[in-house]
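Visitor: I need the structure of the sequence given here:
(chains A and B)
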Amino acid sequence: MTYIAKPKLHHPALQRNAVGFTRRDYEGAISTLCAGCGHDSISAAIVQACYDLAIEPHRVAKLSGIGCSSKTPTYFLGASHGFNTVHGRMPSVLTGAYLANRELIYLGVSGDGDSASIGLGQFAHIMRRGVNMVYMVMNNGVYGLTKGQFSATADKGSVAKKGAVNNDSGIDLASLAILMGATFVARSFSGDKHQLVPLIKAAISHPGAAILDVISPCVAFNNHKGSTRSYDYVREHNDALNRLDVITGAEPITAEYEPGTTVDIMQPNGTMLRLAKISPGYDPSDKAAALAFIQDRQSAGEVATGLLYYDPEGRDLHARLKTVEQPLNTLDEAALCPGRDRLSAINAALR
Amino acid sequence: MRQTLTAINDFVVKFANVNGSGSASANELFTRSILRMGVPVSPRNIFPSNIQGLPTWYEVRVSEDGYLGRRGGIDMAVAMNPQTWKQDVAEIAPGGYLLYDSTRPLPDSAFRDDVTNIGVPLTAICNATYSDPRQRQLFKNIIYVGVLSALMEIEPAVIERLFSEQYKTKEALIASNVKALHLGRDWARENLAPGICGLKVERRDVVGDRIFVEGNAAAALGCVYGGATVCAWYPITPSSSLAEAFESYCKRFRKDPETGEARYAVIQAEDELASIGMVIGAGWNGARAFTSTSGPGISLMTEFIGLAYFAEIPAVLINVQRGGPSTGMPTRTQQADILSCAYASNGDTRHVLLFPEDPRECFDFSAAALDLADRLQTPIFVMTDLDIGMNHRLCRPFEWDEERRYDRGKVMTAAELEAGRPFGRYRDVDGDGIPWRTLPGTHATRGAFFTRGTTKNRDARYSEEGADYIENMERLQRKFDTARTLVPQPLTRPAREPARHGVIYFGSTAPAMDEALDRLSGEDLHLDAMRVRAFPFPASVSEFIAAHEKVFVVEQNRDAQFRTVLIDDLEIDPARLVPVLHYDGTPITAQFILDAIRHRLAQLRVTPLERAAS
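Guide: Predicted structure coming up:
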């Protein structure tokens, strides 16, 4: 209902965070996605996470590819510059923006078609490079915007709405990210705000490439029997690893879930989603163990969620390149131009 | 009595070697020694798409008159590659010279009797002097340089000085090279008749203060001086050395003096799409960024080029052109990408192209491109080619005005936003088609907008309205028209006498054209000439064409691409523009231009028979 403009005024008693913004200040335009779309829940989680972390909205740069997922940056952080790039190539544009100004917070939003098909190469390479960013995959197993074709994360055996069966092996972006060197790899579910928001906050705070593979059921094209990306399937097969808590500098956010308990989430379509923290002793720092665990759960038909792999050191491309602290886009002639005298010396050496 | 070629400071020597044999530095030594004697030289590499073992040629033109284009034909072949012997010998002009390794006897049939065959037992000399195989290989080349220096009277002291400069404090290396040089000289003087070679070098003072540099290095330096901080690239012949030179210059000039930290970022990306993506991301975020590539890379980058055009983001692409299409001729030159760059990407697009003629203009135009990209908020192509990029060329020294400031274009500041200055990302507030932009992170509550490749209104909001789209597209045309006066303007060379016809050319055709015009004039054929240096074309180009009956358009591709763009941009009657096309992968020669134009002019002078209407 985008003909309804969002009111600019908001309640004077709305709570403000540490930098003086209300939650409304982190919102964007009204969504044009289908009612009940999982992506909108993720957008809300992003809004919440940024509000909680007391980030100044204009210090975030949000980039996306092409697709339903990639439309979402318009629907959050309206005060941030956004860039809807081209299909599958958001990572390169984000990398360039990051090189130009290391001080902003970079949020890259993509979908499974955008990242696992056409964008598979750029996905892998940005993980390898260690660009300091949050890479959010809104993963629903279909190309929603072009009406329902399978994407590369769709599991073998999935049945499309019109009856076609997917015979290719599915790509697990979380495993791939771990192999490529991402230092923060998590999976979640769009309907699990309590798991997702802390994960987003942790990802933003992480000094390296952080990827969130968020299963996000498509209400139009993949929420039917046979799909492994439907509310039903995920609810039945989810296997939450751990509940992540993020402690900010200002005030600690306390966990609401004890290890070993379950949480029931009521979804917009009336179904219940049950997530459970399965292994209190899960060690996310062991790369090989993480990969094995994901494979293991997959064989059991379950989707492991939570913080799967985590290296607190992170790897930052600017640090590796040893670039100056001042953002490159602030340097002027004095800093960049070698000057006329040096040019004379260069000329002399070329004679 | 056989006629032999004699010439002072005016001849062509072609070295035929096996690549990877160390011949490149020896051949360059030959070239530089003549330059140091004050005589202009222009060398050209003709190398294979390979690393080791295939033929490579180095063609050196010595020209006291200062002609730097390829002449065509050779006066002496230094035939060091048995694999190409036949063709190397066949190419020598009658009366010319063959220098070869006579260690192993060759049948008489291998030689021509209208050529002076100068055999030197190079391998035997090497084997007698050196025991290490690598030394034998390397010094063989220096020995033949020594022989040439004796034959052509190139001053040995000049060569020795070059050794000192190259090897600096490594005394042993200098000594061994000097020794090899004199081995060759002494053998020649002891075994060859004094006047056997009619090609001589005499000291002059024609080089002046000109520098000797490759186009790619010059372009890279222009990017450093022009303030580029981000370079993203993918290796492709013949552009790789440009990005590498940029990185090398940055290591020297762009390190913070206190911390040693880098005031630049160079990324060798995973492919060309990622390269241009990074450049666009950096440009969007306010850093001057460029990529260097060749034709196939531009093909890959085309989708992103359209995005940068429509979303109006600064980017510089240096296209060091090579033979196309597809993988084409990776190690041969061509001006093959005019159309694919001028009209790159789907839909109605137009891009600014700059056409440098030599390394000096590569330097100037790369720096100018960075300014133009920011000012016009669009991709700017610097169109060089393999001939300019990968050969050393004599050119005017680089210059830089200390007072020069970068033109960052219309970027609205936090202060301006705070003061309430109205902002709409795609509003044509100044009438030149160029809107104002804001950089990410500028202001807490004002100035943010969404950049996208889809249609939008003047305030960057998504729109599917036809009227918004048309307004946007027309403003882009206005912006392109604004570019006509901002880009490097054409340079004209009027004929000595009033001329009915004219000629237009661009880029690496220039040195051959200069020579061709001199020679045409000598034959009493006069043409006004215009060297176009950028697209879109200013009014002076249409005026030039209108002032002549026919205008030859000389270019190095099959389909007369530049002519097509002239016709399209300026609405010229095609009958007015006569194509002169050279596209075999070698650099165009004055002889080729001369023959083509002379032939066409003769045709134009034929009076058609008139038939009476009955």
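Visitor: Now find how far off-centre stretch B:501-513 is within its chain.
Guide: A distance of 14 Å separates the centroid of the chain from that of stretch B:501-513, by Cα atoms, centre = their mean, to the nearest Å.
Visitor: actually stretch B:11-25, not the one I wrote
Guide: 21 Å.
Visitor: and that stretch, which residues are buried?
Guide: Within stretch B:11-25, the residues scored as buried using 16 or more other Cβ atoms under 10 Å in any protein chain shown are B:11-19, B:21-24. Just so you know, the C-beta spots here come from the backbone N, C-alpha and C atoms, and that holds for glycine as well.
Visitor: what sits against the residue of the stretch 101-250 of chain A found nearest chain B?
Guide: Here the stretch 101-250 of chain A gets closest to chain B at one residue, residue A:125, 4.5 Å apart by Cβ to the nearest Cβ. Counting by Cβ atoms under 8 Å, 6 or more residues apart in numbering or on different chains, residue A:125 makes contact with A:91, A:180, B:269, B:270, B:274.
Visitor: Nearest residue to the middle of chain B?
Guide: Among the residues of chain B, residue B:388 comes closest to the average C-alpha position under Cα atoms, centre = their mean, at 2.1 Å.
Visitor: correction: chain A
Guide: Centroid-nearest residue in chain A: residue A:136, 1.5 Å away (criterion: Cα atoms, centre = their mean).
Visitor: and that one, that one's in a strand?
Guide: Yes: the assignment for residue A:136 (DSSP: H, G, I helix; E, B strand; the rest coil) places it in a strand.
Visitor: residue ranges with poor pLDDT in the stretch 101-250 of chain B?
Guide: Under the criterion of pLDDT under 70, none of the stretch 101-250 of chain B is flagged as low confidence.
Visitor: quick revisit: which one of the buried residues of stretch B:11-25 is nearest residue B:175?
Guide: Taking Cβ to Cβ as the measure, residue B:175 sits nearest to residue B:22 out of these, at 18.0 Å.
Visitor: Not counting residues beside it along the chain, what's closest to the closest one?
Guide: In this structure, residue B:22 finds its nearest non-sequential neighbour in residue B:138, 4.4 Å apart by Cβ to Cβ, 6 or more residues apart in numbering or on different chains.
Visitor: From the contact counts, what lies against the helix or strand harbouring the one you found?
Guide: Secondary structure from DSSP states H and E places residue B:138 in helix B:133-152. In this structure, helix B:133-152 makes packing contacts with helix B:23-36, strand B:92-101, strand B:116-120, helix B:122-129, helix B:156-167, helix B:171-191, strand B:199-200, judged by 3 or more Cβ pairs under 8 Å, 6 or more residues apart in numbering or on different chains; DSSP states H and E.
Visitor: Out of the ones you listed, flag the one nearest residue B:570.
Guide: Of all these, it is helix B:23-36 that lies closest to residue B:570, at 41.1 Å by Cβ to Cβ.
Visitor: Toward the C-terminus, what is the element adjacent to the closest one?
Guide: Sequence order places strand B:41-46 as the next helix or strand after helix B:23-36, per DSSP H and E.
Visitor: Check the average confidence over that following strand, would you?
Guide: Confidence over strand B:41-46 (mean pLDDT, whole number) is 95.
Visitor: same check, this time on stretch A:309-327
Guide: 93.
Visitor: How about residues contacting that stretch?
Guide: For stretch A:309-327, contacts defined as Cβ under 8 Å, 6+ apart pick out A:95, A:98-103, A:129-132, A:178, A:181-185, A:206-209, A:284-285, A:287, A:290, A:331, B:256, B:259-265.
Visitor: cutoff 7 Å now
Guide: With Cβ atoms under 7 Å, 6 or more residues apart in numbering or on different chains as the test, stretch A:309-327 has contacts from A:100-103, A:129-132, A:178, A:183-185, A:206-208, A:284-285, A:287, A:290, B:256, B:261-263, B:265.
Visitor: Return that stretch as PDB; C-alpha atoms alone will do.
Guide: This file holds the C-alpha atoms of stretch A:309-327, laid out as PDB (Å, rounded to 0.1, in the frame of the first residue of the first chain):
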ATOM      1  CA  TYR A 309      31.600 -20.100  12.800                       C
ATOM      2  CA  TYR A 310      33.300 -17.200  14.500                       C
ATOM      3  CA  ASP A 311      36.800 -15.800  14.500                       C
ATOM      4  CA  PRO A 312      36.800 -12.800  16.900                       C
ATOM      5  CA  GLU A 313      40.000 -11.400  15.300                       C
ATOM      6  CA  GLY A 314      38.300 -10.800  12.000                       C
ATOM      7  CA  ARG A 315      40.200  -9.900   8.800                       C
ATOM      8  CA  ASP A 316      39.900  -6.400   7.500                       C
ATOM      9  CA  LEU A 317      41.000  -5.500   3.900                       C
ATOM     10  CA  HIS A 318      42.100  -2.000   4.800                       C
ATOM     11  CA  ALA A 319      44.300  -3.400   7.600                       C
ATOM     12  CA  ARG A 320      45.900  -5.800   5.100                       C
ATOM     13  CA  LEU A 321      46.400  -3.100   2.600                       C
ATOM     14  CA  LYS A 322      47.800  -0.800   5.300                       C
ATOM     15  CA  THR A 323      45.900   2.200   4.100                       C
ATOM     16  CA  VAL A 324      45.900   5.400   6.000                       C
ATOM     17  CA  GLU A 325      43.400   6.000   8.700                       C
ATOM     18  CA  GLN A 326      41.800   9.000   6.900                       C
ATOM     19  CA  PRO A 327      39.300   7.800   4.400                       C
END
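Visitor: in that stretch, what counts as buried?
Guide: Buried positions in stretch A:309-327, judged by neighbour count with 16+ other Cβ under 10 Å: A:309, A:310, A:311, A:314, A:315, A:316, A:317, A:318, A:321, A:323, A:324, A:327.
Visitor: Export the residues you listed to TSV and append columns for distance to residue B:114 and secondary structure.
Guide: Putting the buried residues of stretch A:309-327 into TSV (distance: Cβ to Cβ, whole Å; DSSP: H, G, I helix; E, B strand; the rest coil) gives the following:
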residue	distance to residue B:114	secondary structure
A:309	76	strand
A:310	80	strand
A:311	75	coil
A:314	74	coil
A:315	68	coil
A:316	69	coil
A:317	64	helix
A:318	66	helix
A:321	61	helix
A:323	64	strand
A:324	66	coil
A:327	69	coil
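Visitor: now those residues in JSON lines, with distance to residue B:490?
Guide: What follows is the buried residues of stretch A:309-327, written out as JSON lines (distance: Cβ to Cβ, whole Å):
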{"residue": "A:309", "distance to residue B:490": "60"}
{"residue": "A:310", "distance to residue B:490": "61"}
{"residue": "A:311", "distance to residue B:490": "58"}
{"residue": "A:314", "distance to residue B:490": "53"}
{"residue": "A:315", "distance to residue B:490": "51"}
{"residue": "A:316", "distance to residue B:490": "48"}
{"residue": "A:317", "distance to residue B:490": "43"}
{"residue": "A:318", "distance to residue B:490": "43"}
{"residue": "A:321", "distance to residue B:490": "41"}
{"residue": "A:323", "distance to residue B:490": "40"}
{"residue": "A:324", "distance to residue B:490": "41"}
{"residue": "A:327", "distance to residue B:490": "39"}
